[in-house]
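[1] coords below, sequence missing:
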């Protein structure tokens, strides 16, 4: 949805942020933050779970993300160029920063449970080469080994179903750069699965 910022032929169309009413309500009353929490808690938790492969760590990271979002809401500023929801982009930026801070503290990551691999959505390019639980586990191992930006771009695209523009705002890249990241990540994963463990995803 769009609205005109000014009258006249030269007026610039401004994208309407779908979360604006809820954000404004929460600014005035923290108890009104609950609808935003309910709307996005599963998405943030899913992102955290795929990144940490640990339910407890994902729960802690999700809680941290929303506490920081609630505390920072007075300083939040809507981005006119952000697609659909500036709040959603901002929320995932907080989650990504919280994850980075946690990794700096831990300096290690727990092993991925095999059962989580069964829930890893795959693109048609990768899915065509994956058959059965063992293959999904191997696919997850390959994805896990990707550089952080490529792996997170894949998760945000196929798990959280974000557009390339939204992902760009979250990870600080242009929309075109995000598309390249996703393409290269999928190509690397597909080649790794096709060639076996002896090859490294490029």
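    That came through, no problem. All of these numbers come straight from a predicted model, not from anything done at the bench.
[2] use CA for all of it now, contacts and neighbours both
    OK.
[3] What's the mean pLDDT across stretch 140-149?
    The average pLDDT for stretch 140-149 rounds to 84.
[4] What's the end-to-end length of it?
    16 Å (C-alpha to C-alpha, to the nearest Å).
[5] Residue 67: how many residues sit nearby?
    Applying other C-alpha atoms under 10 Å, we find 12 residues neighbouring residue 67.
[6] in this protein, which spans are strands?
    Ranges of strands in the chain, per DSSP state E, are 2-4, 13-15.
[7] Show me this protein divided up by domain.
    16-110, 117-202 (automatic domain parsing).
[8] and these, which one is worst for confidence?
    domain 117-202 (a mean of 73).
[9] Contacts only, for residue 78.
    17, 86, 87 (C-alpha atoms under 8 Å, 6 or more residues apart in numbering).
[10] Can I get those residues in a markdown table including neighbour count and distance to residue 162?
    Listed next are these as a markdown table, based on neighbours: other C-alpha atoms under 10 Å; distance: C-alpha to C-alpha, whole Å:
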| residue | neighbour count | distance to residue 162 |
| --- | --- | --- |
| 17 | 21 | 15 |
| 86 | 22 | 12 |
| 87 | 23 | 13 |
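[11] Restricted to helices, list those residues.
    86, 87 (DSSP state H).
[12] What separation do you get for the nearest residue to residue 169 once chain neighbours are set aside and residue 68?
    With C-alpha to C-alpha, 6 or more residues apart in numbering as the criterion, residue 169 has its nearest non-adjacent residue at 6.4 Å, and that residue is residue 89. The spacing between residue 89 and residue 68, counted by C-alpha to C-alpha, is 14 Å.
[13] In terms of neighbours, single out the busier of the two.
    Neighbours were counted for residue 89 and for residue 68 using other C-alpha under 10 Å; residue 89 has more, 23 against 15.
[14] wait, that one sits on residue 168?
    No - using C-alpha atoms under 8 Å as the test, residue 89 is too far from residue 168 to be in contact (9.1 Å).
[15] Now do the phi/psi pair for residue 162.
    Dihedral pair for residue 162: phi -80, psi 150, per degrees, to the nearest 10.
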